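K.L.:
Fold the following, please.
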Amino acid sequence: MNKKLYSVEEVATQLGLHVRTVRGYVRDGRLKAVRIGKQYRIAQEDLEALLGAPVPETPEVKRERHVDVSSIVEIDAISPETQGRISTLLMAASARRGDEPLRVETAYDEERGRMKIIVLGGLADTARLLDYVGAVLDS
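P.N.:
Numbering: from 1, shown residues only. Down below sits the predicted model:
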């Protein structure tokens, strides 16, 4: 079962017709179609029979998976020295480009002893940076 089946919408786009026109062709019997659930599917051979010519193959769109991560880390009760160590480490580590671009921003509220880290980038690089933060905090 290696037949190419088109939806009514795909046939309408290929022929430059309105979807209702294609549905009318199916209802009138001018275009053979199979009903699957509530939708019609038109075989490539049946579309070619209507046109009297072969249907050009539409090129398959190749997509690559891309994952971006947005992370916000808030650390309470952190000393200015530890905050400085983490900021320096993150800036140095993000400057070494990994697989994908990585953006890091840090902010420190000395009055509250709170640090905020924002990381935008790829999954592996973000995980690596967050591991660094955990190692500094554990030491």
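
K.L.:
going forward, measure contacts between C-alpha atoms and count neighbours the same way
P.N.:
Will do.

K.L.:
how far is the lowest-mean-pLDDT helix or strand in the chain from where the chain is centred?
P.N.:
Of all helical and strand segments in the chain, the minimum by mean pLDDT, DSSP states H and E falls on helix 44-51, at a mean of 88. Distance, stretch centre to chain centre, for helix 44-51: 35 Å (CA atoms, centre = their mean, to the nearest Å).

K.L.:
partners of the helix or strand following it, with directions?
P.N.:
Using DSSP states H and E, the helix or strand that follows helix 44-51 towards the C-terminus is strand 68-75. Next to strand 68-75 in the sheet, as set by DSSP bridges, lie strand 114-122 (antiparallel).

K.L.:
what inclination does the next helix or strand after the partner strand have with respect to strand 68-75?
P.N.:
For strand 114-122, the succeeding helix or strand toward the C-terminus, using DSSP H and E, is helix 123-138. Here helix 123-138 runs at an angle of 10 degrees relative to strand 68-75 (axes from the mean of the first three to the mean of the last three CA atoms, to 10 degrees).

K.L.:
Buried ones in helix 123-138, by neighbour count?
P.N.:
Residues 123, 125-126, 129-130, 132-133 are the ones in helix 123-138 that count as buried (16 or more other CA atoms under 10 Å).

K.L.:
Ala93: which of those is nearest?
P.N.:
The closest of the buried residues of helix 123-138 to Ala93 turns out to be Leu129 (CA to CA; 7.2 Å).

K.L.:
Was I right to think the closest one contacts Thr88?
P.N.:
No - shown here, Leu129 and Thr88 do not form a contact pair, counting by CA atoms under 8 Å, at 11.9 Å.

K.L.:
how much space between Lys36 and Tyr25?
P.N.:
Small correction: residue 36 is Ile, not Lys. For Ile36, the distance to Tyr25 (CA to CA, to the nearest Å) stands at 17 Å.
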